[in-house]
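Novice: just to be clear, the model below is a prediction. Sequence and coordinates:
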Amino acid sequence: MRYVFVDDSPLPYDGFTPLRRPLGGPEKAVIGIASALFARGHDVKVINRASHAHVADGAYWIPIGDAATPKATDVLIALRKPTLLGAVRAAARRVLWVMGTPDYLAAPANAALWDSFHPVLLFVSNGQQQTYKGKIRRSVIVPGVRSVYFEKPKFSPVVDSMTEHYGYDPAEEIASQRNEAMQAVEEAATPPPGPPPPHAVVTAHPLHGLDWLVDVWTKKIHPKMPTARLAVYSAVLSKGIKGEEVPAPVAPVLKQVMAAAAANVVVVDPLNDEGMADVYRSSRVHLYPGDAQDFACWTLQESQAAGLPAVARALGGVDEHLDNGSSGYIVPDAEAFANVTLQILKDDAFHKNMSEAAALVTRRRAWAMAAEELDALVATIPAAGV
């Protein structure tokens, strides 16, 4: 079957990008599902801001407006924007992959698109689907997690293909990023035997509860455990630390985080997938403040797969990705958040039990599983005459 994905976000990426640098969850989702569909024997094309038409990890990546854009496909999957449903003239089935809050789907401007294309809406969590009040057919497919978070990767023909495509061997760059990550948390790339040191990580967007979390850390956690460290992985805050301008709403959070340096809070640049997997494996806990519109919980899924316990608030899709009381804790308030975090940081046996629960094979959500479910969904969608 022919699948075409369309994403007009400004970020250029392809199937090799997660090996080279950090990438957002929706972009990694396109990469993961495209590769998994190719492995299932499908013809897969992705239309996005790629620099030129090329094959990467099985899929054919095509720049928007390129002459190689297909004129027909069996399945068109548009990322986020309803207007992208018309990106391919003749599509037997059209799907809109909704990544965030679905409120925008009710906009009057979309009515003509629904009438013309009769799409199916694809949601990333049950909680996200429940917030949609419209009448368009919808389904839920929970995103997968790349295998690098399940186990240590080995360089493969995919990396060899990168060497040919990009003209250099990425192994050196990836090793450099890994070293940077480990230096940031004072760890080696391969964690030493025994439990990790009392290092916590946070990957939250600065406007998604980070101010609340830093306040909890400085007032309730650091005073009781001064040796503990909190590493904030944020590209925008890292730029601010270096003196670059940040968006106005982020400025107060940047100021707060910088002031928290005395409480052992550091800001670190996000890394590629292999680097972040190493960070998760050599840390003690993932602190996840959450956000009401964070349904996919991309980094929480990844850290859980790597065996990192988490403490989170009950916001967004957290309860669908964290086994409360087993692989981490979902807590009601700041006091509980601090108490559970301190126990994980101090108690080796407590941490070990949750780490093992998080990394259970039965909890692994590979992209191959998502691709299988997508194929099953597509089989139920009537084909339009094209």
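Specialist: Nice, I can see it. In this text, all values refer to a predicted model and were calculated from it rather than measured experimentally.
Novice: show me where the stretch 101-250 of the chain has its strands.
Specialist: According to DSSP state E, counting those that start in this stretch, the stretch 101-250 of the chain carries its strands in the segments 120-123, 138-140, 199-202, 229-233.
Novice: and the longest one, which strands flank it?
Specialist: Just to be clear, that refers to strand 229-233. strand 199-202 (parallel), strand 265-268 (parallel) (DSSP bridges).
Novice: return the distance of the last one from the chain's centre.
Specialist: Spelled out, it's strand 265-268. 20 Å (CA atoms, centre = their mean, to the nearest Å).
Novice: relative to strand 229-233, how tilted is the next helix or strand along the chain from that strand?
Specialist: Downstream of strand 265-268, the first helix or strand assigned by DSSP states H and E is helix 273-281. Counting by axes from the mean of the first three to the mean of the last three CA atoms, to 10 degrees, helix 273-281 lies at 160 degrees to strand 229-233.
Novice: quick one: list the elements packing against helix 273-281.
Specialist: The contact analysis (3 or more CB pairs under 8 Å, 6 or more residues apart in numbering; DSSP states H and E) places helix 273-281 against helix 17-20, helix 171-184, strand 229-233, helix 298-305. Every residue, glycine included, has its C-beta placed from N, CA and C.
Novice: which other helices and strands does the first one contact?
Specialist: I take that to be helix 17-20. helix 25-39, helix 157-166, helix 171-184, helix 273-281.
Novice: which of the ones you listed has the lowest average pLDDT?
Specialist: Note on the helices and strands packed on helix 17-20: helix 157-166 shows the lowest mean pLDDT, a mean of 37.
Novice: okay, the strands of the stretch 101-250 of the chain in a markdown table with mean neighbour count, distance to G58 and mean pLDDT next?
Specialist: Converted to a markdown table, the strands of the stretch 101-250 of the chain look like this (neighbours: other CB atoms under 10 Å; distance: least, CB to CB, whole Å; pLDDT from 0 to 100):
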| stretch | mean neighbour count | distance to G58 | mean pLDDT |
| --- | --- | --- | --- |
| strand 120-123 | 21 | 21 | 98 |
| strand 138-140 | 17 | 24 | 98 |
| strand 199-202 | 24 | 31 | 98 |
| strand 229-233 | 24 | 29 | 98 |
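Novice: I'd like the ones you listed laid out as JSON lines, including distance to P223.
Specialist: Shown next, in JSON lines, are the strands of the stretch 101-250 of the chain (distance: least, CB to CB, whole Å):
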{"stretch": "strand 120-123", "distance to P223": "42"}
{"stretch": "strand 138-140", "distance to P223": "43"}
{"stretch": "strand 199-202", "distance to P223": "15"}
{"stretch": "strand 229-233", "distance to P223": "13"}
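Novice: can you give me the mean pLDDT across stretch 334-345?
Specialist: In this model, stretch 334-345 has a mean pLDDT of 98.
Novice: go on, stretch 242-259?
Specialist: On average, stretch 242-259 scores 96.
Novice: for that stretch, how far is the first residue from the last?
Specialist: End-to-end distance of stretch 242-259 (CA to CA, to the nearest Å): 15 Å.
Novice: can you tell me what sits against stretch 364-381?
Specialist: 1, 32-33, 35-37, 39-40, 74-75, 93, 95, 120, 122, 139, 141-147, 150, 301, 305 (CB atoms under 8 Å, 6 or more residues apart in numbering).
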